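K.L.:
my questions are about this predicted structure, shown below with the sequence.
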Amino acid sequence: MDHVISNANTVYGLDHVTNIMKFHSTYLETFLSLQEFIIYGEGPLPIQYRHYIAIMAAGRHKCTYLINFHKKQFLEHNGDPSWLIGLTHVPRKLRNLYEINKILAHRPWLVTKEDIKKVVKGPNSWSMSDLGHAIILLVHFHSLCSFVYACNLNDEIPRAVKVTGVYFRRRSKPCLRGYADESVISDDEGLEPIVERMKKLSEPATEQERIQRYELVQSQLCDSDTSADNGLDPDVKPFIEDSGYSYLDCSRRQFAQQSSFILQEFSWDHHGYSLINRLFNDIGLLLDKKFKTAYNMTYYTMGGRPHIDTSRFRRAIWNYIYCIYGMRNDDYDYEDVTQLLRSQLRVFVKTATCYPERLNKTTTENALKHFDLSEKIHINLMIMEARMQAELLFALRAVMNYML
Ligand SMILES: CC(C)C[C@H](N)C(=O)O
């Protein structure tokens, strides 16, 4: 991101993150209310656990910025320094959360009631409200990693510990099949063609056609490389296990066999919201406000053009992220994704969502080049929120199945 405004400090927030979010102050308020509540507010988990869970979550994306911030906070809140030696030094109860952390971060569709059972039953077990709190912390920090990398904040911040080992960040080049499709607008044409397309009424589609359009978008998700990084930053190493475990796209997994997710059968509004409220105070309200703000926020501008209804573009981003996770929204016509999200942007959204640690400045700048700075941040906020909601829904569906 072109300029990171520094020097400001907020009591609870991460200063760089907060400063970037100030471009969208209504959203920032909802973000801070949630974050302050889950870290410092009333809740079942001790403060040291909360910071350690943040570290474990950020470790999955090798996000040194968040790891170092929460290590500091952990120590300031009398956390046991030996826990910072690494995962092998933490209480069994925290260790038991690691598997859920790992699956949720990369392949949330695989979380099952068995995974929930493993942590809530037996010795060192989590109560359901402990687990509700932990799940929110995990999904909050996984998705915050997406935002941090997408805004290029991880590289802006000087490392607390100098990197001594060799740190390879192999950039994978995800590709989009179906490139020759003439409906795909070339990346050099600016935003005008997209603005024009948003004005056209979409043809009504049958249910069958909608499903096919969803499947088409999904079949275009593919990776050329899903291999892990060869080296780990010393700041990250103690807090990560099985570092090669990462997102798998639909060409490498079978959604059909692996519990397909239809949003009409388990949605935030009808299921997730009330379930999480039951597990952890009234957290549902704070989450709901944040999701809705991110989803509905608009200034009616697009790349500097005023008076534009951008809802179709914004919804395309949100629904594309559902699709990345194999979540089908039967109320949505995926033709808009094909029409409005050009290939570079789709690659960026997918990388920021699934492997944000692989983003690099050039890919990001190219994908977002026609947008204003505040719009780039707006897109990154939507990515973070849609990802968080998707992860949370998978986790809550598993909790519900366990409780049935
Ligand atoms: C992400 C952006 C294209 C959003 C746009 N500036 C709006 O106000 O809706």
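P.N.:
Right, received. Where do you want to start? Numbers count the residues shown, from 1 in each chain.
K.L.:
spit out the contact partners of residue 51.
P.N.:
By C-beta atoms under 8 Å, 6 or more residues apart in numbering, the contact set of residue 51 is 39, 70-71, 73-74, 77, 79. Yep, even glycine has a C-beta here, placed from its N, CA and C like the rest.
K.L.:
the host helix or strand of it: how far from the chain's middle?
P.N.:
Taking DSSP states H and E as the criterion, residue 51 maps to helix 47-60. Taking C-alpha atoms, centre = their mean, to the nearest Å, one finds helix 47-60 lying 16 Å from the centre of the chain it belongs to.
K.L.:
return the residues of the stretch 151-300 of the chain in contact with the ligand.
P.N.:
Contact residues, the stretch 151-300 of the chain versus the ligand (C-beta under 6 Å from any ligand atom): 298-300.
K.L.:
ok, which pair from the contacts of residue 51 is furthest apart?
P.N.:
39 and 71 (14.0 Å; C-beta to C-beta).
K.L.:
between the two, which one's more packed in?
P.N.:
Legend: neighbour count by other C-beta atoms under 10 Å for residue 39 and residue 71, higher for residue 71 (25 against 21).
K.L.:
okay, now the residue nearest to the more buried one when sequence neighbours are not counted: neighbour count?
P.N.:
The shortest distance from residue 71 to any non-neighbouring residue, by C-beta to C-beta, 6 or more residues apart in numbering, is to residue 84 (5.9 Å). Neighbours of residue 84 under the rule other C-beta under 10 Å: 17.
K.L.:
can you pull the phi/psi pair for residue 84?
P.N.:
Residue 84 adopts backbone torsions of phi -80, psi -10, taken as degrees, to the nearest 10.
K.L.:
quick one, what contacts it?
P.N.:
71, 74-75, 238.
K.L.:
pLDDT weak spots in this protein?
P.N.:
Flagging of the chain using pLDDT under 70 yields the residue ranges 1-14, 156-188, 223-230, 250-259.
K.L.:
just want the most central residue of it.
P.N.:
Geometric centre of the chain, nearest residue: residue 143, 3.0 Å, by C-alpha atoms, centre = their mean.
K.L.:
any idea how far it is from residue 131?
P.N.:
Remark: distance between residue 143 and residue 131 (C-beta to C-beta, to the nearest Å) = 18 Å.
K.L.:
give me the residue from the stretch 51-200 of the chain nearest the ligand.
P.N.:
residue 191 (8.1 Å; C-beta to the nearest ligand atom).
K.L.:
wait, that residue touches residue 372, no?
P.N.:
No - the pair residue 191 / residue 372 is not scored as a contact, 10.3 Å apart, by C-beta atoms under 8 Å.
K.L.:
so which residues of the stretch 151-300 of the chain form strands?
P.N.:
All strands of the stretch 151-300 of the chain, identified by DSSP state E, counting those that start in this stretch, fall at 175-176, 221-222, 261-262.
K.L.:
next one: the second one to chain centre, how far?
P.N.:
Here strand 221-222 is found 18 Å from its chain centre; the criterion is C-alpha atoms, centre = their mean.
K.L.:
packing partners of that strand?
P.N.:
strand 175-176 (3 or more C-beta pairs under 8 Å, 6 or more residues apart in numbering; DSSP states H and E).
K.L.:
list the contacts of residue 87.
P.N.:
56, 95, 98, 238-241 are the contacts of residue 87 under C-beta under 8 Å, 6+ apart.
K.L.:
make a PyMOL selection of whichever of those residues turn out to be buried.
P.N.:
Applying 16 or more other C-beta atoms under 10 Å to these leaves a buried subset, and the PyMOL line that selects it is:
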select buried, resi 56+98+238+239+240+241
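K.L.:
okay if I get the contacts of residue 87 as JSON lines plus distance to residue 16?
P.N.:
Shown next, in JSON lines, are those (distance: C-beta to C-beta, whole Å):
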{"residue": "56", "distance to residue 16": "21"}
{"residue": "95", "distance to residue 16": "31"}
{"residue": "98", "distance to residue 16": "28"}
{"residue": "238", "distance to residue 16": "23"}
{"residue": "239", "distance to residue 16": "21"}
{"residue": "240", "distance to residue 16": "23"}
{"residue": "241", "distance to residue 16": "28"}
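K.L.:
quick revisit: what is the neighbour count of the residue of the stretch 51-200 of the chain closest to the ligand?
P.N.:
Counted with other C-beta under 10 Å, residue 191 comes out at 20.
K.L.:
go through the lengthiest helix in the chain and flag the buried ones.
P.N.:
Secondary structure of the chain per DSSP state H: the longest helix is helix 373-403. Across helix 373-403, burial judged by 16+ other C-beta under 10 Å covers 375-399, 401-402.
K.L.:
show me which of these neighbour the ligand.
P.N.:
Okay, of the buried residues of helix 373-403 touching the ligand (C-beta under 6 Å from any ligand atom), that's 375, 378-379.
K.L.:
could you dump the contacts of residue 51 to a markdown table with distance to the ligand and secondary structure?
P.N.:
A markdown table is the format used below for these (distance: C-beta to the nearest ligand atom, whole Å; DSSP: H, G, I helix; E, B strand; the rest coil):
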| residue | distance to the ligand | secondary structure |
| --- | --- | --- |
| 39 | 28 | helix |
| 70 | 29 | helix |
| 71 | 34 | helix |
| 73 | 32 | helix |
| 74 | 35 | helix |
| 77 | 37 | coil |
| 79 | 39 | coil |
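K.L.:
can you flag the buried ones in those?
P.N.:
With burial judged by 16+ other C-beta under 10 Å, the buried subset of those is 39, 70-71, 73-74, 79.
K.L.:
what's around residue 235, how many residues?
P.N.:
20.
K.L.:
and it, how far is that from the ligand?
P.N.:
32 Å (C-beta to the nearest ligand atom, to the nearest Å).
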